[in-house]
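Participant: Mind looking at a prediction? Sequence and model below.
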Amino acid sequence: MAIKAISSEDGSFLGFRVTLKRRFGQGVDRSWQRKWPLLIKTEKEAKKIEKMYEREAAKAIAIFHEKGIIWRDLLEKYMLENKEVYQGKRKSYVAVSQVLSKWTKLWMHRPVIEISKIDGHELFKRLRVEGLSVSYQKKIRQIIKKVINWAILERYLPEGFRSPVSDIKFRKSAEKEPEVLSLDDAQKLLTESKRRQHEYYPIWVMSLLTGARAGELRALRWEHINFENKTIRINYNYNPNESAIGPTKTSKLRTVPISSDLKDFLTDYKVKTNDGFEFDEFGDDYILPRLNAFMSGNQSEPLRRFCSEIGIRNVKHHALRSTAATHLLNDPDTTIPQLMAIMGWSSLDTASIYIRLSGIEVRGVTERLKFLENKEKDEPKKPEIRRNQLVLLK
């Protein structure tokens with residue numbers, strides 16, 4: 001009921017209250033609602049306000065059915081229905097919600113179908129003014145695209161609808177050369193850290209001799225090591241932001257062969273660590289020590305400090321993985337499929353960076369460029385004196 005008479009405790013009439021609520025339709029989880037802030041003295045005035053509300057509600061419902069869902073409602077549905085996708089990634093789930101709520105605030109009450117490419121360009125103009133990095137802007141563009149694609153698949157938007165950020169382009173930044181330790185520096189890192197009994201020595205050995213990611217090393221258990229077949233199964237990744245174990249970055253399992261050096265290290269290390277049991281608070285037998293910086297994702301800090309101490313190139317932890325990949329490529333017996341399988345790369349794009357930098361695909365090609373004069377050709381040939389000629393000379 002839109003109009004309600006309000007009385008005081010003693011029964012005296014105070015006025016009429018006008019409220020109106022209308023649903024947008026069956027199966028639509030949304031309604032239009034208004035409430036007049038003051039009590040109305042006469043019923044005639046109250047009915048006048050009620051009619052005004054009815055017209056506003058009818059107009060809003062008509063627009064909704066003509067133009068579809070608004071951006072705020074679409075985001076709510078997306079976050080609710082994709083909760084399982086972010087299972088075990090609570091911080092990522094919250095981050096997506098916060099990013100969209102903060103930067104698309106101006107879109108919230110607009111029908112999605114009305115949000116155009118102009119709105120998309122204005123959004124990213126604001127992001128640039130705010131000084132957000134290109135990588136963060138790309139992240140926002142990716143999230144918006146994901147929401148729009150999901151909405152099309154779920155029929156909240158027409159099939160031909162184009163994302164308002166589909167035409168957003170970014171300038172290509174200069175390709176950064178991966179940090180890589182030379183063979184001498186890598187050997188010095190391990191030799192010096194072993195000699196000084198550095199607590200990160202086992203972690204650095206495993207990084208350089210397997211090429212595994214830091215999160216994959218955190219999740220390694222002794223049950224993943226097969227000494228007989230000389231293999232390591234890399235099945236999981238430990239995410240320090242979520243403090244949880246989940247799938248690898250590519251969600252694929254892989255096997256890394258154990259070299260003779262790595263086998264010797266693991267055999268010796270297992271004995272030294274009480275038969276290899278590094279228990280955490282849950283009693284799980286992980287291979288590597290549960291050091292604070294390593295487990296919190298700050299594993300580059302101790303590495304940088306030690307590199308400076310021993311006078312080698314100052315690199316972050318991921319450089320150890322890059323070093324492993326680069327030195328594998330420099331071996332002529334290593335094939336590209338082998339490298340991708342060991343490193344866990346699902347795309348050739350990542351491998352191509354190392355291939356270009358190593359120069360293996362063009363090695364020896366420039367030997368065909370014979371532009372310098374050949375000294376042997378330029379020197380006059382000495383006449384051959386045959387035996388019969390020697391007779392004549394005599």
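Facilitator: That came in fine, so what should we check first?
Participant: where in this protein is pLDDT low?
Facilitator: Scanning the chain for pLDDT under 70 picks out the ranges 1, 24-30, 62-67, 85-91, 173-175, 274-284, 358, 360, 374-394.
Participant: Show me which residues of whichever strand or helix holds Tyr354 are buried.
Facilitator: For Tyr354, the enclosing helix or strand under DSSP states H and E is helix 348-358. Within helix 348-358, the residues that count as buried by 16 or more other Cβ atoms under 10 Å are 351, 354-355, 357-358. C-beta: built from backbone N, CA, C; applies to glycine.
Participant: For that helix, output the C-alpha coordinates as CSV.
Facilitator: Below are the C-alpha coordinates for helix 348-358, written out as CSV (Å, rounded to 0.1, in the frame of the first residue of the first chain):
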residue,chain,number,x,y,z
LEU,A,348,56.0,-19.8,-27.1
ASP,A,349,55.8,-16.0,-26.5
THR,A,350,57.7,-16.4,-23.2
ALA,A,351,60.3,-18.8,-24.7
SER,A,352,60.8,-16.5,-27.7
ILE,A,353,62.3,-13.8,-25.5
TYR,A,354,65.0,-16.1,-24.3
ILE,A,355,65.5,-17.6,-27.8
ARG,A,356,66.0,-14.1,-29.3
LEU,A,357,68.4,-13.1,-26.6
SER,A,358,70.4,-16.3,-26.8
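Participant: which residues are contacting it?
Facilitator: The contact list for helix 348-358 (Cβ atoms under 8 Å, 6 or more residues apart in numbering) reads 175, 177-178, 322, 325-326, 329-330, 336, 339-340, 343, 345, 361.
Participant: Same check on stretch 226-237?
Facilitator: 210, 212-213, 215-216, 218-220, 224-225, 245-249, 253-258, 263, 266-267, 344.
Participant: all strands of this protein, in order?
Facilitator: Assigned by DSSP state E, the chain shows strands spanning 3-7, 13-23, 31-35, 225-226, 231-234, 236-239, 244-247, 254-257, 278-279, 285-286.
Participant: do you know how far Glu56 is from Arg110?
Facilitator: Distance, Glu56 to Arg110, using Cβ to Cβ, to the nearest Å: 17 Å.
Participant: Tell me which residue is most central in the chain.
Facilitator: By Cα atoms, centre = their mean, the chain has its centre lying nearest to Lys249, at 8.2 Å.
Participant: how about that residue, what does it touch?
Facilitator: Applying Cβ under 8 Å, 6+ apart, the residues near Lys249 are 213, 215, 237, 344.
Participant: Just the CA trace of stretch 152-160, in PDB.
Facilitator: Only the C-alpha atoms of stretch 152-160 are listed here, as PDB (Å, rounded to 0.1, in the frame of the first residue of the first chain):
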ATOM      1  CA  ILE A 152      27.200 -11.900 -23.100                       C
ATOM      2  CA  LEU A 153      27.500 -15.600 -22.500                       C
ATOM      3  CA  GLU A 154      24.900 -15.400 -19.700                       C
ATOM      4  CA  ARG A 155      22.600 -13.400 -22.000                       C
ATOM      5  CA  TYR A 156      22.500 -10.300 -19.900                       C
ATOM      6  CA  LEU A 157      23.800  -8.400 -22.900                       C
ATOM      7  CA  PRO A 158      23.100  -8.900 -26.700                       C
ATOM      8  CA  GLU A 159      25.600 -11.100 -28.600                       C
ATOM      9  CA  GLY A 160      26.900  -8.200 -30.700                       C
END
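Participant: Mean neighbour count and distance to Glu81 for the strands of the chain - can I get that in TSV?
Facilitator: Shown next, in TSV, are those (neighbours: other Cβ atoms under 10 Å; distance: least, Cβ to Cβ, whole Å):
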stretch	mean neighbour count	distance to Glu81
strand 3-7	12	37
strand 13-23	16	21
strand 31-35	14	20
strand 225-226	16	41
strand 231-234	19	32
strand 236-239	20	23
strand 244-247	14	21
strand 254-257	17	32
strand 278-279	14	39
strand 285-286	18	36
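Participant: can you list those in CSV and add distance to Asn82?
Facilitator: CSV is the format used below for the strands of the chain (distance: least, Cβ to Cβ, whole Å):
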stretch, distance to Asn82
strand 3-7, 41
strand 13-23, 25
strand 31-35, 24
strand 225-226, 37
strand 231-234, 28
strand 236-239, 18
strand 244-247, 16
strand 254-257, 28
strand 278-279, 36
strand 285-286, 31
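Participant: looking at those strands, which is closest to Ala95?
Facilitator: Across the strands of the chain, Ala95 has its closest neighbour in strand 236-239 (13.0 Å, Cβ to Cβ).
Participant: Tell me the buried residues in the lengthiest helix in the chain?
Facilitator: In the chain, taking DSSP state H as the definition, the longest helix is helix 43-67. In terms of neighbour count (16+ other Cβ under 10 Å), helix 43-67 has its buried residues at 46, 49-50, 53, 57, 60-61, 64.
Participant: Would you mind pulling up the elements that that helix packs against?
Facilitator: Applying 3 or more Cβ pairs under 8 Å, 6 or more residues apart in numbering; DSSP states H and E, we find helix 43-67 packed against strand 3-7, strand 13-23, strand 31-35.
Participant: would you list those strands in TSV and tack on distance to Lys139?
Facilitator: Output for the helices and strands packed on helix 43-67, formatted as TSV (distance: least, Cβ to Cβ, whole Å):
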stretch	distance to Lys139
strand 3-7	50
strand 13-23	37
strand 31-35	34
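Participant: now for these, which one comes closest to Asn241?
Facilitator: Relative to Asn241, the nearest member of those by Cβ to Cβ is strand 31-35, separated by 37.8 Å.
Participant: Quick check: neighbours of that closest one in the sheet, parallel or antiparallel?
Facilitator: Strand 31-35 has its sheet partners listed here by DSSP bridges as strand 13-23 (antiparallel).
Participant: chain center to the strand it pairs with, what's the gap?
Facilitator: Here the centre of strand 13-23 is set off from its chain's centre by 52 Å, with Cα atoms, centre = their mean, to the nearest Å.
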